[in-house]
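In: please find the sequence and the predicted model below.
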Amino acid sequence: MADAQVFHDGEADLRHKAGWLTRRAAVYGILILWAVICLFPIYWTITTSFKIAPDVMRGNMIPWVDYTPKWLGWKSLGLSPDTIFAESTVRAEFLSRITNSAKSALGASTLALVLGSTAAYGLSRFNYRFGFMRNPDISFFFLSQLILPPVVLALPFLVLYKELAMLDTTIGLILLYTLTVLPIVIWIMRDQFASIPVELEEAALVDGLSVWGAFITIILPIALPGMVAAFILSLVLTWNEYFFAALLTSTDAKTLPVMLASQTGSQGINWWAMAALSTAAILPLVIIGVVLERYIIKGMAAGAVK
């Protein structure tokens with residue numbers, strides 16, 4: 001009887017382990033499939049930058065199996081091994097455009113983070129009244145700015161920038177991009193600050209720190225992961241922005257997305273050149289994402305458990 005019970009318990013344990021392994025295998029299988037789906041466009045872009053026209057048209061996908069990689073796409077940008085040290089007007093234009101994109105994205109993201117963090121801290125710690133509006137209404141007002149489609153703001157900004165002599169300037173893009181990502185930063189940082197106990201600031205005030213002192217020395221270090229996540233999100237949005245860059249710039253302040261769109265012409269699309277340019281455009285964001293991965297994860301999870 002005891003042997004039968006032991007056998008029954010062992011069989012139940014095996015079934016439990018088998019079910020656990022099956023569930024784990026299903027979860028990992030779904031995650032792997034989703035990762036492949038998400039990463040495939042990046043893979044296609046990178047491999048296309050090393051193809052020639054017939055390989056692109058035939059849809060060859062696997063290097064050294066379906067096709068032999070060539071430097072045609074990178075050569076069109078002056079970035080291939082045989083052209084990197086030679087003078088190239090296309091490479092000079094590419095470097096100018098990527099510099100403009102970096103200045104605009106970094107400047108706008110930094111400015112939006114500074115303004116948005118201070119605004120979010122005020123909304124999470126103090127009570128404001130503006131007419132009939134209270135803190136929740138003010139927060140929703142910031143978020144409502146994202147409802148307007150960019151085309152609605154095109155003519156007002158075009159007229160305003162013409163009057164202020166800010167057309168085709170990097171500072172003009174920085175100010176405009178700051179306005180576009182500021183609501184997102186405020187909402188992210190408001191939840192981040194709300195998840196930090198008020199008792200920490202009260203203790204700091206008792207120790208003699210001012211409100212700004214407590215904010216800088218106590219709150220900001222704790223909120224750093226959320227700030228990094230907000231900064232990365234702002235950076236991605238401003239780096240990839242095309243509409244206003246195409247509308248408000250012409251030569252000096254033109255950004256990388258505008259240059260990327262110019263690869264289409266009457267003769268068709270130079271897929272290899274566009275793929276090389278796209279690869280060069282996404283590479284800085286990939287590097288930043290890998291370096292700051294742990295901060296991004298912490299920032300995304302901030303406030304989930306209080």
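Out: Looks like it arrived, so ask away.
In: CA atoms for contacts and neighbours, from now on please.
Out: Noted.
In: leaving out sequence neighbours, find the closest residue to the most centrally placed residue in the chain.
Out: Closest to where the C-alpha atoms of the chain average out (Cα atoms, centre = their mean) is V236, at 2.8 Å. Leaving aside its chain neighbours, V236 sits nearest to L285 (7.2 Å; criterion: Cα to Cα, 6 or more residues apart in numbering).
In: hmm, back to that, quick check: the residue nearest to the centre of the chain vs T217, distance?
Out: As judged by Cα to Cα, to the nearest Å, V236 and T217 stand 28 Å apart.
In: with A276 instead?
Out: In this structure, A276 and T217 are 44 Å apart, going by Cα to Cα.
In: okay, these two: which has more neighbours?
Out: Per other Cα atoms under 10 Å, whichever of A276 and T217 has more neighbours is A276, with 26 against 13.
In: do I have it right that the more buried one meets W74?
Out: Yes - under the criterion of Cα atoms under 8 Å, A276 makes contact with W74 at 5.7 Å.
In: burial of S96, as a residue count?
Out: Per other Cα under 10 Å, the neighbour tally for S96 reads 17.
In: for the one 3 residues further on, same thing?
Out: Other residues within reach of T99 by the criterion other Cα under 10 Å amount to 16.
In: what about the helices in the stretch 51-200 of the chain?
Out: Along the stretch 51-200 of the chain, the segments classed as helices by DSSP state H, counting those that start in this stretch run 53-58, 72-75, 89-125, 135-144, 150-163, 170-194, 198-206.
In: report the contact partners of L277.
Out: W74, L77, L260 (Cα atoms under 8 Å, 6 or more residues apart in numbering).
In: now do the phi/psi pair for it.
Out: For L277, the backbone dihedrals (degrees, to the nearest 10) come out as phi -70, psi -40.
In: now it: how far from T45?
Out: Distance from L277 to T45, by Cα to Cα: 9 Å.
In: repeat for A245
Out: Separation of A245 from T45 (Cα to Cα) stands at 23 Å.
In: who's more crowded, those two?
Out: For A245 versus T45, neighbours defined as other Cα under 10 Å are more numerous around A245 (25 against 18).
In: hang on, that one in a helix?
Out: Yes - looking at A245 with DSSP: H, G, I helix; E, B strand; the rest coil, it is inside a helix.
In: any stretches of this protein with poor pLDDT?
Out: Along the chain, the model assigns pLDDT under 70 to residues 1-13, 265-267, 296-306.
In: quick one, longest helix in it?
Out: Longest helix in the chain by number of residues (criterion: DSSP state H): helix 2-48.
In: which secondary structure elements does that helix contact?
Out: helix 271-291 (3 or more Cα pairs under 8 Å, 6 or more residues apart in numbering; DSSP states H and E).
In: what are the buried residues along the helix it packs on?
Out: For helix 271-291, burial by neighbour count (16 or more other Cα atoms under 10 Å) applies to W271, W272, A273, M274, A275, A276, L277, S278, T279, A280, A281, G289.
In: ok, the first one - contacts?
Out: Listed by Cα under 8 Å, 6+ apart, the contact partners of W271 are T48, S49, A53, V56, G73.
In: run a quick neighbour tally on the first one.
Out: Spelled out, that is T48. Neighbour count of T48, defined by other Cα under 10 Å: 28.
In: in this structure it contacts V56, no?
Out: Yes - with contact defined as Cα under 8 Å, T48 reaches V56; the gap is 6.8 Å.
In: got the domain ranges for the protein?
Out: 1-43, 89-301 (automatic domain parsing).
In: hang on, the earlier thing: mind telling me what element the residue nearest to the centre of the chain is part of?
Out: Assigned by DSSP states H and E, V236 falls within helix 224-239.
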